[in-house]
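Engineer: Provide a 3D model corresponding to the input given below.
(chains A and B)
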Amino acid sequence: MNSLRTSVPVIQVSGIRKTYGRTVAVDEVSFEVNDGEIFGLIGPNGAGKTTTMECIEGIRKPDRGTISVLGLDPFRQVYKLQERIGVQLQQAQLQKRIKVWEAVDLWASLYRKKSIDGERLLEQLGLVDKRDAWFMNLSGGQKQRLFIALALINDPEVVFLDELTTGLDPQARRAIWELVRGIREHGKTVFLTTHLMEEAERLCDRVAIIEHGRIIDIDTPQRLVDRHCPERIVALATDDPTAEERFGAIPQVESVVRNDLQFTIRGRGEDLVTEVIHCLSENRIRITDFRMIVPNLEDVFLKLTGHSIRD
Amino acid sequence: MMLRGLWKLTWIEIKVFMREPLGAFGTIGFPVLVFLVVGRAAGRNVAAPTLAASSFLRVGLPVLASLLIAVSSVLSLVTIISIYREGGILKRLRATPLRPQTILSAQVIVKLMLTAATLGLMVLAGKRYYPISVHVPLFGFTIALLISTLSILSIGFLIASIVPTARFAQPIGAAILYPMIAFSGLFVPVNSMPPVLHAVARVLPMTYAVSLMEGIWRGDSWWPHMGDVAALAVVFFVCTALSAEVFRWE
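Structural biologist: Numbering: from 1, shown residues only, chains lettered A, B, ... in the order given. This is a model prediction of the structure:
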């Protein structure tokens, strides 16, 4: 992102494989995460996201392959690594009756390096008025914000966030996204997993799409869309009887589907929309509706795997 | 540094435990209550105490109550470990620079402190309400109880390592530990048991715990009880080693 940063990757994963009994959870996974970026591992539940992440965090040992995080071997040098990273685990809980400030205070005491000011952290995360609340009495969003606080308490260089916004309502989700962007602004690298394509699209600088334990493709969301879904769609409504024929005559157009007065025009290339507008004005076609349908990561996933990520 | 983490975690575990609605009473109150109620009932019914009844009041009942203290501490440990594992709390703690043994040590320390505190409460309540006055080497007895608790705790750890879900942890632990008390020689002397039961009692750690605690309570010196201490130590090391092999963090 920032051209001044060094180009040495913060995380290097090369050919890792992890099996549970006969199930292959992760297979030949390789990728690199650069300093200061938000990198997302995206895929459906059970695709191997969490296993991959936990191997990188040093919680699990891959059967084969090598991993390097900040130049450390996550499994052999796990305690050294834990000092320098922050972790939020999927579906983790704390003691039911631990108070918010107690959790922050406990976590602050676990690190060798001087931790950052817990009270200020609670303030930044909007938890000040909950500092004396028991964990069990927090809302889902508050719990996640507390887990972010615990992941940031040691001022880590890399922050791992596993399915951070699962189960949150859209408003809480947006608030969390802002927090994650804030983490990057502070110069930290963020590695996250999500099965929400919107989250990946809005948050991540680069994403890796994983399914059945294998990485299918890695790039920026925009480039993934451009590469796999170059198709553009214009949907409009008109009662002009010549419209169908004229749309069909535009060179970039591949198909025109008509449903009563509604037209769906599919084609390739960035010029499609310009050409359609040009055609409308040249032929003085009056329209009552005009929309562009831009493909997103959801469509990329569908294209690459043949099924929706929600299935 | 790691000591700071251990101390903080232990202190928080104590606070969290005290906030449990039934946790404090169930673990601290129950054994003390058994001690007082049974003691008063026995004391009242036996107008002129026979030798056996007097011996039970003097030694058996206090040791039984102490053993209950130890067992309820252990059951509470088994339950907490299972709940923490199921809730991902153990895993979350492990994803910090905390060493695994520190995380588990904190739980053990909490339970040992709880055991000592309950014993203290029992002694205080006993001074006031117990039918007969008993003079005990309290410091030595506390040590004997802590050694016994530590040994039983290691069995608890082994149970907690194997039991799959938190729901079953407490009942399975109770089903294993309470019968051990029955064969411990507390009610029927081990030497007058039928051969089969005698053999069973000889391999149960509870038997050695009872022998140690009864002896120290009566005022024995430690020297004749080194065999008991050694047996409890063997149980502790074997169970701890086995737990280390099979313990699951999630």
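
Engineer: Please make it C-alpha for all contacts and neighbour counts, starting now.
Structural biologist: OK.

Engineer: Would you map the helices across the chain?
Structural biologist: Since no chain was named, I'll use chain A. For chain A, applying DSSP state H gives helices covering A:49-57, A:78-84, A:100-109, A:118-124, A:140-152, A:170-185, A:197-203, A:221-228, A:243-248, A:272-282, A:297-305.

Engineer: was after chain B, sorry
Structural biologist: Going by DSSP H, chain B shows helices at B:2-18, B:23-24, B:30-45, B:51-55, B:61-86, B:89-94, B:100-129, B:138-162, B:166-182, B:195-203, B:205-218, B:226-246.

Engineer: Can you add mean pLDDT, distance to A:E245 and mean neighbour count and give those helices back as JSON lines?
Structural biologist: Shown next, in JSON lines, are the helices of chain B (pLDDT from 0 to 100; distance: least, C-alpha to C-alpha, whole Å; neighbours: other C-alpha atoms under 10 Å in any protein chain shown):
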{"stretch": "helix B:2-18", "mean pLDDT": "88", "distance to A:E245": "74", "mean neighbour count": "18"}
{"stretch": "helix B:23-24", "mean pLDDT": "70", "distance to A:E245": "79", "mean neighbour count": "15"}
{"stretch": "helix B:30-45", "mean pLDDT": "78", "distance to A:E245": "88", "mean neighbour count": "17"}
{"stretch": "helix B:51-55", "mean pLDDT": "69", "distance to A:E245": "109", "mean neighbour count": "12"}
{"stretch": "helix B:61-86", "mean pLDDT": "88", "distance to A:E245": "64", "mean neighbour count": "24"}
{"stretch": "helix B:89-94", "mean pLDDT": "89", "distance to A:E245": "63", "mean neighbour count": "21"}
{"stretch": "helix B:100-129", "mean pLDDT": "86", "distance to A:E245": "73", "mean neighbour count": "18"}
{"stretch": "helix B:138-162", "mean pLDDT": "91", "distance to A:E245": "73", "mean neighbour count": "22"}
{"stretch": "helix B:166-182", "mean pLDDT": "89", "distance to A:E245": "69", "mean neighbour count": "17"}
{"stretch": "helix B:195-203", "mean pLDDT": "86", "distance to A:E245": "94", "mean neighbour count": "14"}
{"stretch": "helix B:205-218", "mean pLDDT": "91", "distance to A:E245": "92", "mean neighbour count": "24"}
{"stretch": "helix B:226-246", "mean pLDDT": "92", "distance to A:E245": "73", "mean neighbour count": "17"}
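
Engineer: Same list (those helices) but as TSV, adding distance to A:F263.
Structural biologist: Shown next, in TSV, are those (distance: least, C-alpha to C-alpha, whole Å):
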stretch	distance to A:F263
helix B:2-18	64
helix B:23-24	68
helix B:30-45	77
helix B:51-55	98
helix B:61-86	54
helix B:89-94	54
helix B:100-129	64
helix B:138-162	64
helix B:166-182	59
helix B:195-203	85
helix B:205-218	83
helix B:226-246	65
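
Engineer: now those in TSV, with distance to chain A?
Structural biologist: Formatted as TSV, those follow (distance: least, C-alpha to the nearest C-alpha, whole Å):
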stretch	distance to chain A
helix B:2-18	5
helix B:23-24	12
helix B:30-45	22
helix B:51-55	44
helix B:61-86	8
helix B:89-94	5
helix B:100-129	11
helix B:138-162	18
helix B:166-182	14
helix B:195-203	37
helix B:205-218	32
helix B:226-246	16
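
Engineer: residues contacting whatever residue of the stretch 151-300 of chain A ends up closest to chain B?
Structural biologist: Nearest residue of the stretch 151-300 of chain A to chain B: A:A151, at 9.5 Å (C-alpha to the nearest C-alpha). Counting by C-alpha atoms under 8 Å, 6 or more residues apart in numbering or on different chains, A:A151 makes contact with A:I85, A:G86, A:V87, A:Q88, A:V159, A:F160.

Engineer: Which residue is the nearest non-sequential neighbour of the residue positioned nearest the centre of chain B?
Structural biologist: In chain B, the centroid-proximal residue (C-alpha atoms, centre = their mean) is B:A70; its distance is 1.5 Å. With C-alpha to C-alpha, 6 or more residues apart in numbering or on different chains as the criterion, B:A70 has its nearest non-adjacent residue at 5.1 Å, and that residue is B:T149.

Engineer: quick one, what contacts that neighbour?
Structural biologist: B:T149 makes contact with B:A70, B:V71, B:V74, B:L112, B:T115 under the criterion C-alpha under 8 Å, 6+ apart.

Engineer: Okay, the closest residue to A:G36 other than its chain neighbours and A:L121: tell me how far apart.
Structural biologist: Nearest in space to A:G36, with sequence neighbours left out and distances taken as C-alpha to C-alpha, 6+ apart, is A:T189 at 4.3 Å. Per C-alpha to C-alpha, to the nearest Å, A:T189 is found 18 Å from A:L121.
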